[in-house]
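1. predicted coordinates and the sequence they were generated for:
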Amino acid sequence: MNTKPAKTKINLLSLSKQELADFFVSIGEKPFRATQIIKWIHQRGVSDISLMTDLSKDLREKLLKECEIRAPEIEREEYSEDGTKKWIIKVGEKDLIEMVLIPENDRSTLCVSSQAGCAVDCSFCATGKQGFSRNLGLDEIIGQVWIAANSFGLPRESASRNITNVVMMGMGEPLLNFIPVVEAMKLMMDDNAYGLSKRKVTLSTSGIVPKIDELSKVSDVALTISLHAPNDQLRNELVPINKKYPIQELLDSVKRYVASCDDKRVTTIEYILIDGINDDLSHAEELSVLLEQLPSKINLIPFNAFEGSNYLKPSGNRVKRFQEYLKNKGYVTTIRSTRGDDIMAACGQLVGQVNDKTRRKERAQKNKIQIKAI
Ligand code: SF4
């Protein structure tokens with residue numbers, strides 16, 4: 001009896017454009033095959049290699065033997081009354097992540113996760129409370145976009161909608177999973193894949209300063225800063241990474257990023273308003289002074305409650321008052337409408353796998369390692 005284990009197939013979703021070109025060269029093909037494959041997979045949503053008719057029969061047979069196109073497995077889907085849809089997706093052996101689709105008129109914004117859990121541990125965030133488990137691979141990041149785009153129907157040309165915007169704002173700190181995130185964003189913006197403009201792909205970061213500088217060398221996507229506090233003392237409590245990269249260092253790195261882009265940029269500053277913590281008029285005043293140094297618009301997000309958090313959502317009046325103050329100071333200031341909170345899909349509520357007591361120890365250990373590496 002032959003006990004030789006079956007050869008693992010190469011998942012073509014896990015290869016960057018360059019890696020695909022290298023792969024084709026390695027099997028004696030021209031590198032432009034990478035573009036053909038990318039079109040089939042990402043532009044047309046096709047996962048069956050035998051349907052890729054502009055590849056020779058021989059090549060298709062070879063690919064069928066050696067490769068596969070395998071998106072991560074969907075555990076379940078949840079629908080909000082307001083039209084928001086959440087997917088809970090299995091990654092690896094035991095992790096679950098979440099992605100959220102927010103349809104709004106002609107826009108379909110997809111909120112994509114970059115890590116299972118997160119080590120940054122922002123005090124207002126359900127993901128942070130879980131701790132870090134693992135980084136997602138390129139197949140698991142771009143696979144989320146692929147799943148969502150295919151959910152509108154195939155073939156893609158006659159789909160009911162398209163993904164119009166992607167925000168790297170789901171579970172995890174995207175800059176701590178740098179290469180897969182950058183390669184996934186390149187595919188999002190590739191005309192032969194999803195064809196989104198650089199203004200329609202947004203990376204949101206808690207402020208990993210050296211990685212913002214690194215990003216400026218390889219990408220010019222829209223950058224959003226999760227600030228949430230106007231001074232270091234308060235931000236140290238809400239976003240603990242601030243102890244390592246304080247506000248002024250962070251804003252300086254954002255200025256360098258903006259300067260490296262070849263167009264005029266206004267940076268979006270996200271500010272979660274938490275009742276009695278950071279929503280006072282004195283905080284609005286401090287924030288308006290702080291941001292004088294950086295062309296910015298402010299996105300206010302009333303805190304979304306989750307189990308185990310002692311924070312409260314501020315009243316509508318307090319939110320309005322904060323917004324009015326900043327508007328009067330000349331800042332474009334919007335209040336993000338809460339979408340999908342009936343399915344726990346709103347900002348700061350994404351958890352993937354919760355109540356996983358047996359794995360807490362393991363996560364705590366991984367968390368320590370990740371934090372040390374930042
Ligand atoms: S807000 Fe973002 S960076 Fe902070 S803990 Fe949550 S997922 Fe991590």
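-> Right, received. Where do you want to start?

2. so which residues on the stretch 151-300 of the chain come close to the ligand?
-> Met171, Gly172, Glu173, Ser206, Ser226 (CB under 6 Å from any ligand atom). C-beta coordinates here come from the backbone N, C-alpha and C atoms, glycine included.

3. for Ser160, give me its contacts.
-> Phe152, Gly153 (CB atoms under 8 Å, 6 or more residues apart in numbering).

4. residues near Ile301, how many?
-> Residues near Ile301, counting by other CB atoms under 10 Å, number 22.

5. mind pulling up the pLDDT for Asn355?
-> Asn355 carries a pLDDT value of 42.

6. just give the number of residues close to the closest residue to the ligand within the stretch 201-350 of the chain.
-> Per CB to the nearest ligand atom, Ser206 is where the stretch 201-350 of the chain lies closest to the ligand, at 4.0 Å. Counted with other CB under 10 Å, the neighbours of Ser206 add up to 27.

7. who are the neighbours in contact with it?
-> Applying CB under 8 Å, 6+ apart to Ser206 gives the contacts Val120, Cys122, Glu173, Ser226, Val239, Ile241.

8. surely Ile141 and Val181 touch.
-> Yes - at 6.4 Å, Ile141 counts as touching Val181 under the criterion of CB atoms under 8 Å.

9. settle it for me: which of these two has more neighbours?
-> Ile141 (33 against 27).

10. need the nearest residue in space to the more buried one, chain neighbours excluded.
-> Ala184 (4.0 Å; CB to CB, 6 or more residues apart in numbering).

11. report the distance from the helix or strand where the one you found lies to the chain centre.
-> Assessed by DSSP states H and E, Ala184 sits inside helix 178-189. Distance of helix 178-189 from its chain centroid, counting by CA atoms, centre = their mean, to the nearest Å, is 10 Å.

12. before we move on, what about stretch 58-68?
-> On the basis of CA atoms, centre = their mean, stretch 58-68 sits 32 Å off its chain's mean C-alpha point.

13. name the residues of stretch 58-77 that are buried.
-> Neighbour-count burial for stretch 58-77 flags Leu59, Arg60, Lys62, Leu63, Cys67, Ile69, Ala71, Pro72 (criterion: 16 or more other CB atoms under 10 Å).

14. list the contacts of that stretch.
-> Residues outside stretch 58-77 that contact it (CB under 8 Å, 6+ apart): 7, 9-13, 27, 29, 33, 41, 46-50, 52, 55, 85-91, 96, 139-140, 143-144, 146-147.

15. filter those down to the buried ones.
-> 10-13, 29, 33, 41, 46-47, 49, 52, 55, 85-91, 96, 139-140, 143-144, 146-147.

16. and the residues you listed, which of them are in strands?
-> Counting by DSSP state E, the part of those found in strands is Ile10, Asn11, Lys85, Lys86, Trp87, Ile88, Ile89, Lys90, Val91, Leu96.

17. give me the nearest residue to the first one, chain neighbours excluded.
-> What that stands for is Ile10. Cys67 is the one closest to Ile10 (CB to CB, 6+ apart), at 4.8 Å.

18. report the contact partners of the single nearest residue of the stretch 1-150 of the chain relative to the ligand.
-> Here the stretch 1-150 of the chain gets closest to the ligand at one residue, Gly128, 2.7 Å apart by CB to the nearest ligand atom. Contacts for Gly128 (CB under 8 Å, 6+ apart) come out as Cys118, Val120, Asp121, Cys122.

19. wouldn't Ser216 be in contact with Tyr257 here?
-> Yes - between Ser216 and Tyr257 there is a contact under CB under 8 Å: 4.5 Å.

20. quick one: which of those two has more around it?
-> Tyr257 (21 against 18).

21. so which strand or helix has that one?
-> Secondary structure from DSSP H and E places Tyr257 in helix 247-260.

22. in that helix, what's buried?
-> Under 16+ other CB under 10 Å, the buried positions of helix 247-260 are Ile247, Leu250, Leu251, Ser253, Val254, Tyr257, Val258.

23. and Glu307, how far is that from Met344?
-> 9 Å (CB to CB, to the nearest Å).

24. of the two, which one has the most company?
-> Set Glu307 next to Met344 and count neighbours by other CB under 10 Å: Met344 wins out with 21 against 11.

25. for Glu324, see how far away that one is.
-> For Met344, the distance to Glu324 - CB to CB - is 30 Å.

26. then Glu78?
-> 35 Å.

27. between these two, who's got more neighbours?
-> Between Glu78 and Glu324, Glu78 has the larger neighbour count (other CB under 10 Å), namely 16 against 13.

28. partner residues bridging the residue nearest the centre of the chain?
-> Nearest residue to the geometric centre of the chain (CA atoms, centre = their mean): Met168, 2.0 Å. Met168 has these beta-bridge partners by DSSP bridges: Leu203.

29. quick one, what contacts it?
-> Per CB under 8 Å, 6+ apart, neighbours of Met168: Val112, Ser114, Pro174, Val181, Met185, Val201, Thr202, Leu203, Ser204.

30. repeat that for Ser50.
-> Arg60, Leu64.

31. where in the chain is pLDDT low?
-> Applying pLDDT under 70 to the chain flags the ranges 1-5, 345-361, 363, 368, 371.

32. do that again at 90, thanks
-> 1-7, 82, 92-94, 126-131, 155-160, 304-309, 336-374 (pLDDT under 90).

33. can you give me the helices for it?
-> 17-26, 33-38, 57-66, 126-130, 138-150, 178-189, 209-218, 232-238, 247-260, 281-290, 316-328, 360-373 (DSSP state H).

34. so which of those helices gets nearest Asn105?
-> Smallest distance to Asn105 across the helices of the chain (CB to CB): 17.4 Å, for helix 138-150.

35. which strands and helices lie in contact with that closest one?
-> strand 85-91, strand 95-104, strand 107-111, helix 178-189 (3 or more CB pairs under 8 Å, 6 or more residues apart in numbering; DSSP states H and E).
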